[in-house]
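Novice: Fold the following.
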Amino acid sequence: MNPPTHDPYLNTVQRALREKEYRIKQIKAQQERIKQKHSQSFLHQRFDLHEFFNLPDGVGNILFFIAFILIPYIVGVIFIFITIAGIDFKIFEGINIKEYPIYWAIGYEIIAFLLLLLILKSALEFRHNAQQQQPK
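Specialist: All right, here's what the predicted structure looks like:
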């Protein structure tokens, strides 16, 4: 058998096919977003994080997992530092909470509360927009 060789024409064709598939996926995603905007109910809308973050499939899942681990922890540490320690490093060092899960849980609850507020705001805006679009 012949050893594999570098074929620039084959590489160009493969790249063109991948780009064509990517464009088709983008068009389908855009059509889905248009359908969702005209949805009758707020609760029947689809939500996909990949619409907001344009990342490759494998990388996106890893980054979301890392964010799930780190962001609540950082928010929890900042919350404890501001509310309990009063922005004083000496008091913060004296706090005997050295466990990662405690900081993470506090941050998770804060983020969950903020996300619920955003969902409520989106539902109210959706309802307001739906009422304005109805014929009178």
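Novice: Would you map the helices across this structure?
Specialist: Here the chain has its helices, by DSSP state H, at 8-37, 57-83, 89-94, 100-133.
Novice: helices or strands next to the longest one in the packing?
Specialist: In this case it means helix 100-133. Applying 3 or more CB pairs under 8 Å, 6 or more residues apart in numbering; DSSP states H and E, one finds that helix 100-133 contacts helix 57-83. C-beta coordinates here come from the backbone N, C-alpha and C atoms, glycine included.
Novice: Next, the angle from the helix it packs on to helix 100-133.
Specialist: Our comparison of helix 57-83 with helix 100-133, counting by axes from the mean of the first three to the mean of the last three CA atoms, to 10 degrees, yields an angle of 110 degrees.
Novice: Report the distance from helix 57-83 to the chain centre.
Specialist: Distance of helix 57-83 from its chain centroid, counting by CA atoms, centre = their mean, to the nearest Å, is 12 Å.
Novice: Pull out the buried positions in that helix.
Specialist: Neighbour counts over helix 57-83 (16 or more other CB atoms under 10 Å) mark 72-73, 75-77, 80-81 as buried.
Novice: now this protein, which segments are flagged as low pLDDT?
Specialist: 1-5, 33-40, 47-51, 134-136 (pLDDT under 70).
Novice: number of nearby residues for N129?
Specialist: By other CB atoms under 10 Å, the residues close to N129 number 10.
Novice: cool, H6 as well?
Specialist: By other CB under 10 Å, 6 other residues sit near H6.
Novice: number of nearby residues for the residue nearest to S122 when sequence neighbours are not counted?
Specialist: Excluding the flanking residues, the one nearest S122 by CB to CB, 6 or more residues apart in numbering is F42, at 7.5 Å. Neighbour count for F42, taken as other CB under 10 Å: 14.
Novice: Over to the one 3 residues further on?
Specialist: The number of residues packed around Q45, counting by other CB under 10 Å, is 14.
Novice: quick one on the thing from earlier: ok, of the buried residues of helix 57-83, which one's closest to E19?
Specialist: P72 (37.5 Å; CB to CB).
Novice: Is it correct that that closest one is in contact with I102?
Specialist: No - using CB atoms under 8 Å, P72 makes no contact with I102, being 11.1 Å away.
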